[in-house]
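# no letters, just coordinates:
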């Protein structure tokens with residue numbers, strides 16, 4: 001076992017901005033892969049603010065994480081839809097669009113799906 005580790009999203013190892021200043025992804029890189037904290041501003045929508053970066057019709061990342069603030073609606077390619085709120089744990093398979101609900105920033109910490117998320121080529 002490696003022992004205690006302390007890292008902070010206040011000084012992330014990498015920051016990836018979304019299109020149109022609609023938010024950002026902050027990454028901490030661990031041995032098992034990155035952990036990311038994404039902040040999505042009101043008006044953010046994956047299909048508008050990340051699709052141009054990803055180059056896919058829908059988000060192809062699988063997400064496992066927790067919402068710390070705000071609300072986000074996710075709709076799968078097959079039409080299944082769910083709104084997540086602060087305090088919710090989430091599992092989202094690949095193949096979805098998402099957008100922010102309301103006028104509050106939405107903050108999501110993800111342990112699985114942010115390795116290549118919003119990564120510019």
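Structure's in. What do you need? Remember, it's a predicted structure, so these values are computed and weren't measured experimentally. Residues are numbered from 1 along each chain as shown.
# can you pull the contacts of the closest residue to residue 102 other than its chain neighbours?
Of all residues not flanking residue 102 in the chain, residue 71 sits nearest, at 5.4 Å (CB to CB, 6 or more residues apart in numbering). (C-beta placed from N, C-alpha, C; glycine too.) Contact analysis of residue 71 by CB atoms under 8 Å, 6 or more residues apart in numbering lists 83, 84, 85, 86, 100, 101, 102, 104, 106.
# can you classify the second one by secondary structure?
What it means is residue 84. What DSSP: H, G, I helix; E, B strand; the rest coil gives for residue 84 is strand.
# what's the burial count for it?
21 (other CB atoms under 10 Å).
# ok, of the contacts of residue 71, which come out buried?
84, 100, 106 (16 or more other CB atoms under 10 Å).
# quick one, helices of this protein?
For the chain, the helices defined by DSSP state H occupy 46-49, 51-54.
# any idea which of the ones you listed is most buried?
Burial of those is given as mean neighbour count (mean count of other CB atoms under 10 Å); helix 46-49 ranks first at a mean of 19.
# which parts of this protein are strands?
Using DSSP state E, the strands of the chain run over 14-17, 23-30, 33-40, 63-69, 71-76, 81-85, 89-92, 96-101, 106-110.
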